[in-house]
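>>> this one's sequence-less:
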DNA sequence: ACCGTGACTCTGC
DNA sequence: TGCAGAGCCACGG
């Protein structure tokens, strides 16, 4: 079975959509839940290609250090922090979330 | 095919 | 707490 890149992206997006509001997940977690252990960078690439008006909650995906790593300079970074805050996610610092407290753990 | 780069992660100092 | 190194997957020159 040859999985196309598009299939992989969809798989990743589907996992991201499972993250409930007020919670966050790391790139590595998403990769693992999508059946792609170790492909955290692949997840980042999949999210980078999303349009601005997407319904996929990409802002709930951060790195393993609880940090928002979306490139600065783009409005996306501020939007991510704003959305998370509005969902009730508290920040330990300007761009760092309390993973311990808000990390999503699928059952 | 080689190499640099990136919305990554883990380990060790 | 912070930074460097190495490993990771994938893309583009």
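Cool, got the structure. Bear in mind the structure is a predicted one, so any value in this text is a computation, not a measurement.
>>> In contact with the most centrally placed residue in chain A, which residues?
Geometric centre of chain A, nearest residue: residue A:61, 1.7 Å, by CA atoms, centre = their mean. By CB atoms under 8 Å, 6 or more residues apart in numbering, residue A:61 lies in contact with A:16, A:19, A:24, A:25, A:26, A:27, A:30, A:43, A:47. Placement of C-beta: from N, CA and C, glycine included.
>>> Mind doing that once more with 6 Å?
A:25, A:30 (CB atoms under 6 Å, 6 or more residues apart in numbering).
>>> Could you do the one 5 residues further on as well?
Going by CB under 6 Å, 6+ apart, residue A:66 touches A:96, A:97, A:99.
>>> Which of those residues fall in helices?
Among those, the residues falling in helices (DSSP state H) are residue A:99.
>>> closest to residue A:71 among the contacts of residue A:66?
Nearest to residue A:71 among the contacts of residue A:66 is residue A:96, at 16.5 Å by CB to CB.
>>> what about the strands in chain A?
With DSSP state E as the criterion, chain A has strands at A:25-26, A:61-62, A:91-93, A:96-97.
>>> Under the pLDDT cut-off, which ranges of chain A? List them.
A:1-3, A:72-74 (pLDDT under 70).
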